[in-house]
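**Student:** Sharing a sequence plus its predicted fold:
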Amino acid sequence: MMTDVRKIEVLFRGTPAGVIQMDPSSGVCVFEYAKSWLSGGFSLSPTELPLQSGLFYASKDLFGGGFAVFENSMPDGYGLYLLDRLLRRQDTSLKELTPLQRLSIIGTAGMGALSYLPMMPGIGRQNELEDPAELDVLQEEALAVLSEKDAADPSYLYYNSANSGGARPKAAMRSRDGSHWIVKFRHVYDPADIGKEEFLYMQTARECGIDIPRIALVEDRFFAAERFDIGPGGEAMHVLTAAALLKTDFRRQDVDYTNLLALTGYLTQDASQVEQMYRRMVFNLVAVNRDDHANNFSFLCRDGVWSLAPAYDLTYSPKGTNGEHATSLFYDGNPDLQLVLKAGTEIRIPKGRCLEIIREVEDVCGRRLGRILRLTG
């Protein structure tokens with residue numbers, strides 16, 4: 001039986017930012033910024049929690065009455081699966097927990113700069129690998145757990161996952177130079193060379209002009225990317241996915257690329273970053289990455305200033321949702337050239353520049369990847 005949690009204190013890098021409680025009459029979460037945060041902090045989510053005094057009430061319709069900005073601290077996919085396996089060993093499950101109980105499990109162990117107190121003892125701790133030799137062990141353990149083998153232990157995997165999202169198994173790792181990385185493993189349905197494939201796709205994206213983090217191919221098998229939620233000085237960075245900022249569950253797949261372009265402009269007020277989002281959209285279409293849901297786009301906040309986070313999870317994914325992209329364009333899951341040009345011009349990118357970006361991406365992807373969808377014919 002999980003401990004009942006009636007109040008959660010939200011911290012930003014250890015500094016109190018506000019308090020979340022459950023409203024007994026409506027059954028939803030209520031948030032209020034700390035007075036000290038109002039005088040010197042920033043909005044934790046401009047689209048959900050503007051920096052102002054008073055109470056904020058969450059919606060009944062999403063996240064069990066929780067706030068999108070805080071639910072963003074929860075893992076998804078593989079991490080959520082491991083967490084549920086752990087909870088079932090304690091005779092409970094994720095679906096039985098309140099939003100406050102879920103946040104107390106994350107405690108100080110989530111990705112990004114937010115942490116939550118009180119922390120549920122025993123589950124919220126996390127670990128970073130330092131020895132690459134452990135990767136082979138984690139890979140085998142991950143395959144065993146995902147194959148539902150009774151003897152498989154999910155705790156070892158969860159404590160090394162950094163509460164990261166995505167479908168594929170992951171582990172946090174610290175390199176010899178002190179930098180922090182996320183290493184990916186093969187899922188049971190992945191080909192043996194999935195790490196090399198993602199490494200190639202990310203290299204190709206960088207050549208296409210897309211901002212990506214530092215990447216590596218560890219032991220010539222495991223794809224790794226440097227964590228952008230940890231700054232160069234080791235400080236935790238405030239990061240939110242597009243899904244969190246748009247207050248939607250990414251599994252609903254109700255986000256359109258026009259939403260992402262508009263969100264980028266609203267948050268950053270920077271035309272070059274809007275163009276960067278457009279370039280990422282074009283890459284996903286041309287390189288046939290249909291797993292382009294709203295959790296695969298993130299934004300960083302530095303001292304209250306928002307910017308696009310480096311791109312991630314760019315790989316060959318032809319299945320998507322019934323053969324369509326998870327993020328549509330003008331509600332079309334496989335948009336043509338005219339819709340791609342329309343999206344650019346409506347966000348004030350000149351048509352000629354749109355065509356230039358499309359052809360650049362097509363040329364690089366055609367040369368590096370071979371299997372592409374050529375928009376310009």
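**Tutor:** Great, that's in hand. Quantities reported herein were computed from a predicted structural model and do not represent experimental measurements.
**Student:** pull the longest helix from this structure.
**Tutor:** Secondary structure assigned by DSSP state H gives helix 351-368 as the longest helix of the chain.
**Student:** Contacts made by that helix with the rest, please.
**Tutor:** For helix 351-368, the surrounding residues in contact (Cβ atoms under 8 Å, 6 or more residues apart in numbering) are 200, 203-204, 207-209, 275, 278-279, 282-283, 286-287, 337, 340-341, 344-345, 372, 374-376. Backbone N, C-alpha and C define where each C-beta goes, glycine included.
**Student:** Can I get the buried part of those as one PyMOL selection?
**Tutor:** In PyMOL syntax, the buried subset of the contacts of helix 351-368 is picked out as below (16 or more other Cβ atoms under 10 Å):
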select buried, resi 200+204+208+275+278+279+282+283+286+287+340+341+344+372+375
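**Student:** that older thread, pull out the buried residues from the longest helix of the chain.
**Tutor:** Using 16+ other Cβ under 10 Å as the test for burial, helix 351-368 gives 354-355, 357-358, 360-362, 364-365, 368.
**Student:** what does stretch 35-45 give?
**Tutor:** By 16+ other Cβ under 10 Å, the buried positions in stretch 35-45 come out as 37, 41-45.
**Student:** Just the closest of these to His238, please.
**Tutor:** Leu44 (7.4 Å; Cβ to Cβ).
**Student:** Might you report the residue contacts of the closest one?
**Tutor:** Contacts were defined as Cβ under 8 Å, 6+ apart; by that measure Leu44 touches 10, 12, 17-18, 69, 114, 238.
**Student:** One more: Ala294?
**Tutor:** 241-243, 246, 248, 250, 253, 255, 260, 326-327.
**Student:** any idea which of these is closest to Ile105?
**Tutor:** Distance ranking of the contacts of Ala294 against Ile105, using Cβ to Cβ, places Thr241 first at 19.2 Å.
**Student:** What does the closest one show for phi and psi?
**Tutor:** In terms of degrees, to the nearest 10, the main-chain angles of Thr241 are phi -80, psi 160.
**Student:** just checking, it touches Lys247?
**Tutor:** No. Applying Cβ atoms under 8 Å, one finds Thr241 not in contact with Lys247, separated by 11.0 Å.
**Student:** related to what we said a few turns ago, how about the contacts of Ala294 in TSV, adding distance to Pro24?
**Tutor:** Formatted as TSV, these follow (distance: Cβ to Cβ, whole Å):
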residue	distance to Pro24
Thr241	30
Ala242	32
Ala243	28
Leu246	29
Thr248	27
Phe250	30
Gln253	33
Val255	33
Leu260	37
Ala326	37
Thr327	38
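**Student:** before we move on, back to that, of Thr241 and Lys247, who's got more company?
**Tutor:** Thr241 (21 against 18; other Cβ atoms under 10 Å).
**Student:** List the contacts of that one.
**Tutor:** By Cβ under 8 Å, 6+ apart, the neighbours of Thr241 are 72, 250, 294-299.
**Student:** hmm, which two among these are most spread apart?
**Tutor:** Phe250 and Phe299 (14.5 Å).
**Student:** Alright, I will stop here.
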